[in-house]
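In: Have a look at this prediction, sequence included:
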Amino acid sequence: MLGGPLMYKILVIGTLLIGSLSLLGNLLPAGRHHIRSRRMLGTLRAPVALVAALLAGEPSAEAAAEKKPAGKKGTVRKTDEQWKKELTDDQYQVTRCSATERPFTGKYWDHHEEGTYHCVGCGMGLFDSETKFESGSGWPSYYQAVNSGAITEIKDISYGMVRTEVVCSRCEAHLGHLFPDGPKPTGMRYCINSASLDFQPKNGEKSVEK
Ligand SMILES: [Zn+2]
């Protein structure tokens, strides 16, 4: 530790100084002198305590820096190459490049089975068929997500508009946008690209990952 011995000396001298002043303070009769020395002690204690805290804190700060950065729980991260390999072209363009599929062309805009719509990138459940509604937009639309932690909202100012982009909380796949013109009970409309979804029927053979 560079400068360690010097810091130690400062600490020791500081402590000795405080000690002798305390002793002096106690020996002095009550009165103005006593009060003055007490005040002086107060002003000296702060810097010495700071040095002591710095010395004591140094090793733990180093240990913290050595620790691996703790990622968000359950976060799925892959390289661009991996995503390209695992996804179809359309899925890749939408989820990783924030493209928008043409309306009335996706797999799910006119899809009415009971089940759950999962993220095509990581398999996390995002929307329940019970919250799907006919928006007339040509994209699958839902009035709420399966839970508040499934989707992350991001302010999107692209194309000269202020919109709310929605992405998968686990793998950050672009899903679509959120508009405040949906039906009751939430009044919200999650306008989602079919290409970012993978439907799993309620009683299907596919395992439902929650
Ligand atoms: Zn995902």
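Out: Perfect, I can see it now.

In: is it true that Y92 lies in a strand?
Out: No: with DSSP: H, G, I helix; E, B strand; the rest coil as the criterion, Y92 is located in helix rather than a strand.

In: Name all residues that make contact with it.
Out: Taking C-beta atoms under 8 Å, 6 or more residues apart in numbering as the definition of contact, the neighbours of Y92 are 83-84. Bear in mind the C-beta positions are built from the backbone N, C-alpha and C, glycine included.

In: Could you pull up the residues touching the spatially closest residue to M188 that is not a sequence neighbour?
Out: In this structure, M188 finds its nearest non-sequential neighbour in G182, 4.4 Å apart by C-beta to C-beta, 6 or more residues apart in numbering. By C-beta under 8 Å, 6+ apart, G182 lies in contact with 133, 135, 141, 143, 188-190.

In: Pull out the buried residues from those.
Out: 135, 141, 143, 188-190 (16 or more other C-beta atoms under 10 Å).

In: any idea which of those is the one closest to S98?
Out: Proximity to S98 was ranked across the buried ones among the contacts of G182 by C-beta to C-beta; first place goes to Y190, at 15.6 Å.

In: right, is the helix or strand hosting the closest one up against the ion?
Out: Under the criterion DSSP states H and E, the helix or strand holding Y190 is strand 189-192. No: contact between strand 189-192 and the ion, assessed by C-beta under 5 Å from the ion, is absent, since the two come no nearer than 12.4 Å.

In: With stretch 134-153 instead?
Out: No: with C-beta under 5 Å from the ion as the criterion, the ion is not reached by stretch 134-153; the gap is at least 8.8 Å.

In: mind listing what's buried in that stretch?
Out: Neighbour count says stretch 134-153 has 135, 138-146, 150-151 buried, by 16+ other C-beta under 10 Å.

In: could I get the residues you listed as JSON lines with secondary structure?
Out: Compiled in JSON lines, those are given as follows (three-state DSSP):
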{"residue": "S135", "secondary structure": "coil"}
{"residue": "G138", "secondary structure": "coil"}
{"residue": "W139", "secondary structure": "coil"}
{"residue": "P140", "secondary structure": "coil"}
{"residue": "S141", "secondary structure": "strand"}
{"residue": "Y142", "secondary structure": "strand"}
{"residue": "Y143", "secondary structure": "coil"}
{"residue": "Q144", "secondary structure": "coil"}
{"residue": "A145", "secondary structure": "coil"}
{"residue": "V146", "secondary structure": "coil"}
{"residue": "A150", "secondary structure": "coil"}
{"residue": "I151", "secondary structure": "strand"}
